[in-house]
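1. Whatever this is, show me its structure:
(chains A and B)
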Amino acid sequence: SQTIHQWPATLVQPVGSPLSLECTVEGTSNPNLYWYRQAAGRGLQLLFYSVGIGQISSEVPQNLSASRPQDRQFILSSKKLLLSDSGFYLCAWTANTEAFFGQGTRLTVV
Amino acid sequence: RKEVEQDPGPFNVPEGATVAFNCTYSNSASQSFFWYRQDCRKEPKLLMSVYSSGNEDGRFTAQLNRASQYISLLIRDSKLSDSATYLCVVRGMDSSYKLIFGSGTRLLVRP
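-> Prediction:
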């Protein structure tokens, strides 16, 4: 069966520090991968999606970037975090039906 | 206009009540529809897909109205454990299969 792993679960980082969040999927090939962010009390905002290795589409201009170095690995990065980057970051995958989410990373930028 | 709109609630209902949520979507080309449930500080989890003919899963019934571009979720005999945020999700037909989420409707079931 397919599983999705996302880490770390929580992260507290100072303003201006770099960020790297990793997500891996097991049990499937060539999944579509997504990064979402959820601000406190708000809905999910799609940040990036990828339909294949090295292919990244950005949905909103921001301080973040994404990379897909391997078929089942999706990485979210920032060179310098802003206070406004705080939120709940969720990785998800889909084949051609519903999406399945990782457990999320709660990022607090201080 | 948001692509997917929901009443944020909260809907505060007693145990055993029947409650219904609606969701509207703006893109008439949308092809797939889902309801997700999200508990506080947790990831969203699929509750049910929504089919054109409507579908039922135990106490939950989902319906799609393409002409009016809305989907609904009906919960019968509410349980305390149904308390959560319910997210309406829509997907188009392009190759990205990206899902667009509504902001969610919060349900509180009281004893």
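
2. can you pull the buried residues of stretch B:8-22?
-> Residues of stretch B:8-22 classed as buried: B:11, B:13, B:19, B:21-22 (neighbour count, 16 or more other CB atoms under 10 Å in any protein chain shown). Quick note: C-beta positions are derived from backbone N, CA and C, even for glycine.

3. Check the average confidence over it, would you?
-> When pLDDT is averaged over stretch B:8-22, the result is 95.

4. quick one, phi psi at the closest residue to A:Ser17 other than its chain neighbours?
-> Excluding the flanking residues, the one nearest A:Ser17 by CB to CB, 6 or more residues apart in numbering or on different chains is A:Leu81, at 5.5 Å. In terms of degrees, to the nearest 10, the main-chain angles of A:Leu81 are phi -70, psi 150.

5. Surely A:Leu81 touches A:Ser20?
-> No - A:Leu81 lies out of contact with A:Ser20 (CB atoms under 8 Å); the separation is 11.0 Å.

6. which one of the two has more residues nearby?
-> The neighbour comparison of A:Leu81 against A:Ser20 (other CB atoms under 10 Å in any protein chain shown) goes to A:Leu81, with 21 against 10.

7. who does B:Leu64 bridge with?
-> Note on B:Leu64: beta-bridge partners by DSSP bridges are B:Ile71.

8. if we can go back for a sec, which members of the buried residues of stretch B:8-22 define the maximum pairwise distance?
-> Pairwise distances across the buried residues of stretch B:8-22 peak at 15.5 Å for B:Val13 and B:Asn22 (criterion: CB to CB).

9. ranges for the helices of chain B?
-> For chain B, no helices are identified by DSSP state H.

10. which parts of it sit against chain A?
-> Applying CB under 8 Å from any CB of the partner chain, we find that chain B lies next to chain A at B:32, B:34, B:41-46, B:49, B:87, B:89, B:95-104.

11. Generate a PyMOL selection restricted to the buried subset of the residues you listed.
-> Those of these that count as buried under 16+ other CB under 10 Å are selected in PyMOL with:
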select buried, chain B and resi 32+34+43+44+46+87+89+96+97+98+99+100+101+102+103+104
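
12. who's in contact with B:Gly54?
-> For B:Gly54, the contact set (CB atoms under 8 Å, 6 or more residues apart in numbering or on different chains) comprises B:61-64.

13. Which members of these are classed as buried?
-> In those, burial by neighbour count holds for B:61-64, counting by 16+ other CB under 10 Å.

14. Select, from these, the two members most distant in space.
-> By the measure CB to CB, B:Thr61 and B:Leu64 form the most distant pair in those, at 11.4 Å.
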